[in-house]
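**Student:** Dropping the sequence and predicted coords here.
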Amino acid sequence: MTTAVADPPRRISPGTALQDGFTLAWRGVLKIRKNPEQLLDVTLQPILFLLMFGYLFGGAIAGSTSAYLQALVPGLMVQNTVFASMATGTSLNTDVAKGVFDRFRSMPIARSAPLVGAVLSDVVRYAVALAVLLVTGTIMGYRLHAGPGALLVAVALMLLAGLCFCWIAVFAGMLLRSPGAVQGVMVAVMMPITFGSNVFVPSGTMPGWLRAWSEVSPVSLLTETMRGLLGGGPVAGPLLGALAWLAGIVAVFFPLAMRAYRNRAA
């Protein structure tokens, strides 16, 4: 049985705390380099979703697979980023169970650094998922109707979204007692959020109560923004709504995750 080590009293500036977070983020990147199988989900999942939904529903929804891909690929960029964020909570929960965080608490680093580092290191996972999705979609017939600048903005927005959604998983990872429980809860939360959106079908085809939610959900607003950036269309309105959601998610779940972390360390 591992005995928790009390946090040493210290005053650390926000700049130093961020530097500590980046240091531990690099640790996470090194873990991925040594164990590349950690990227299997973000490598296989985008391909499976593209093949499954593109070929099964393309003809029924849009008349052809290639036409459906123009709406599907930007939506799957959002969905796969959200799904990739779920692994953070499971990984943190495993580290806590192994006593890794006991060693972190004995070090002269910011209390938030282990959590911030884990979140930042997941940028690699999001980038891999986006790259695999875009390459596979292009092979299947998807075509970008945007310049390099719009593509970079779209990718940056997805990385930001992943970093924000991560804090939901971090909170679950600190609150629950086993990796299996974290994974189960995150799937139960994220599946309705992503499938109850306009990623796969237009919101207007849904029942009234579901349509009302779909039109204002963060996944739908991010999807509309991505479609506007990559295919042409309105961007400003859905982008502002999406950014408001992302800011709200961090404002709620970052302090909740930190409180759960402190309570678990007590």
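**Tutor:** Nice, thanks for sending it over.
**Student:** remind me which residues of the stretch 151-266 of the chain are low pLDDT?
**Tutor:** 265-266 (pLDDT under 70).
**Student:** can you map out the helices along it?
**Tutor:** With helices called from DSSP state H, counting those that start in this stretch, the stretch 151-266 of the chain shows them at 179-195, 208-216, 218-231, 236-265.
**Student:** I'd like the ones you listed as TSV, with mean neighbour count and distance to residue 59 appended.
**Tutor:** (Glycine included, C-beta is placed from N, CA and C.) Formatted as TSV, those follow (neighbours: other C-beta atoms under 10 Å; distance: least, C-beta to C-beta, whole Å):
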stretch	mean neighbour count	distance to residue 59
helix 179-195	16	20
helix 208-216	13	23
helix 218-231	25	20
helix 236-265	16	27
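**Student:** closest one to residue 38 among the ones you listed?
**Tutor:** helix 179-195 (13.6 Å; C-beta to C-beta).
**Student:** Send over that closest one as CSV, restricted to the C-alpha atoms.
**Tutor:** Taking Å, rounded to 0.1, in the frame of the first residue of the first chain, the C-alpha atoms of helix 179-195 are listed here in CSV:
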residue,chain,number,x,y,z
PRO,A,179,-9.4,2.8,-15.4
GLY,A,180,-12.3,0.7,-16.4
ALA,A,181,-14.8,2.9,-14.6
VAL,A,182,-13.3,6.0,-16.2
GLN,A,183,-13.5,4.6,-19.7
GLY,A,184,-17.1,3.5,-19.1
VAL,A,185,-18.3,6.8,-17.8
MET,A,186,-16.5,8.8,-20.6
VAL,A,187,-18.1,6.6,-23.3
ALA,A,188,-21.5,7.1,-21.7
VAL,A,189,-21.0,10.9,-21.7
MET,A,190,-19.3,11.4,-25.0
MET,A,191,-21.3,9.0,-27.2
PRO,A,192,-24.6,10.9,-26.8
ILE,A,193,-22.9,14.3,-27.2
THR,A,194,-21.2,13.3,-30.5
PHE,A,195,-24.0,11.2,-32.1
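**Student:** Need the contact partners of that helix.
**Tutor:** With contacts defined as C-beta atoms under 8 Å, 6 or more residues apart in numbering, helix 179-195 is touched by 78-79, 82-83, 86, 89-90, 93-94, 97, 168-169, 172-173, 176, 217-219.
**Student:** can you check stretch 217-232 too?
**Tutor:** 70-71, 73-75, 77-79, 82, 144-146, 150-151, 153-154, 157-158, 161, 193-194, 196-199, 203, 214, 233-235, 238-239, 241-242, 245-246, 249.
**Student:** re the thing from before, with distance to residue 136 added, can I get the helices of the stretch 151-266 of the chain in a markdown table?
**Tutor:** Converted to a markdown table, the helices of the stretch 151-266 of the chain look like this (distance: least, C-beta to C-beta, whole Å):
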| stretch | distance to residue 136 |
| --- | --- |
| helix 179-195 | 19 |
| helix 208-216 | 26 |
| helix 218-231 | 15 |
| helix 236-265 | 24 |
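**Student:** returning to that earlier point: using ChimeraX, define a selection of the buried residues within the contacts of helix 179-195.
**Tutor:** ChimeraX command restricting these to the buried ones, with burial defined by 16 or more other C-beta atoms under 10 Å:
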select :78,79,82,83,86,89,90,93,168,169,172,173,176,217,218,219
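**Student:** what about residue 36, neighbour count?
**Tutor:** For residue 36, the neighbour count with other C-beta atoms under 10 Å is 10.
**Student:** Look up the pLDDT of it for me, please.
**Tutor:** Listed pLDDT for residue 36 reads 77.
**Student:** cool, and residue 5?
**Tutor:** 45.
**Student:** now do residue 80
**Tutor:** At residue 80, pLDDT is 93.
**Student:** quick one, phi psi at it?
**Tutor:** Note on residue 80: backbone dihedrals following degrees, to the nearest 10 are phi -70, psi -30.
**Student:** Please tell me how far it sits from residue 180.
**Tutor:** 22 Å (C-beta to C-beta, to the nearest Å).
**Student:** same question, residue 18
**Tutor:** 32 Å.
**Student:** SS state for residue 142?
**Tutor:** Under the three-state scheme (DSSP: H, G, I helix; E, B strand; the rest coil), residue 142 adopts coil.
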